[in-house]
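Participant: need a structure here:
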Amino acid sequence: SELGRGADPARAAEPAVANDADPGAGEMKMKRWWQVSSSEETRSFYDDLMDGRRSRGSFGKETRFNADYVSGRSVVQRFFVDAVRPHLKPTDRVLDFGCGTGVFLALAAPLCRSITGVDISARFVDACREMIVDRGLDNAEARTVEPGELPFGEESFDVVMMVDVIHHLEEPGPVLESVM
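Facilitator: Just a heads-up that it's a prediction; the model follows:
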C-alpha cells in the first residue's frame, strides 16, 4: 500500500536495500510513494482511467477530469481563474502543457488569443478536443505528444501553463527547459 493508505511512514522512508544474492539486486521490489512513474505508466494509467478500466474514487473521470464539474466550483474560480487572469493578456498564445481533459484550458481560453493543450494521454486529448467543440472554443486546440517531444518551434508561445503536471515528470529539469 502507499503512504496515507495504511502504510507505515517509518517503513516507507526506509531505503531500498539490494541483496547481492538476488538477481534483481539494486531494483526496488515495491514502488515508494515518492517515486515518479515512467511516462508510459502515466500514459497507460490515464488512458485506462478514461476508458473505464481503472477508477480513482472521488477523483476519477466523472469529477476531477470533468470540465463542467470542475469549472463550476467556486474554489477553482478563486484559486485558478482569479490567480491566472492577471498573468494572461488577450494577445497571448498559451501552451497548456499536460492539459489532461482540458479543464483548465477551458478556463484560460477566454483570457487569451489562443491556447494549445498537449498531453501524452491520447484519451485525455480526445476528451479535451470534445470539450473544445462542445464549448465552441474557437481559439483552442489539443494535441497528443510523445514524452520529451514538442512539435513547436521557438517563440511559438508567450505563456506556458502547467497544472498538476510537474510531479508526473520523470526528468522535470529538461522538460521545463524545453517549454521555456
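Participant: Where does the prediction get shaky in this protein?
Facilitator: Within the chain, the segments meeting pLDDT under 70 span 1-36, 56-64.
Participant: Strands of that one, start to end?
Facilitator: 93-97, 114-119, 140-144, 159-161 (DSSP state E).
Participant: For these, give me a markdown table that also has distance to A83 and mean neighbour count.
Facilitator: Where C-beta positions appear, they are placed from N, C-alpha and C, glycine not excepted. Rendered in a markdown table, the data for the strands of the chain read as follows (distance: least, Cβ to Cβ, whole Å; neighbours: other Cβ atoms under 10 Å):
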| stretch | distance to A83 | mean neighbour count |
| --- | --- | --- |
| strand 93-97 | 15 | 23 |
| strand 114-119 | 17 | 24 |
| strand 140-144 | 20 | 20 |
| strand 159-161 | 11 | 18 |
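Participant: Residues in contact with stretch 131-151: which ones?
Facilitator: 39-40, 43, 67, 99, 101-102, 105-106, 109, 112-122, 125, 128-129, 170-171, 174-175, 178-179 (Cβ atoms under 8 Å, 6 or more residues apart in numbering).
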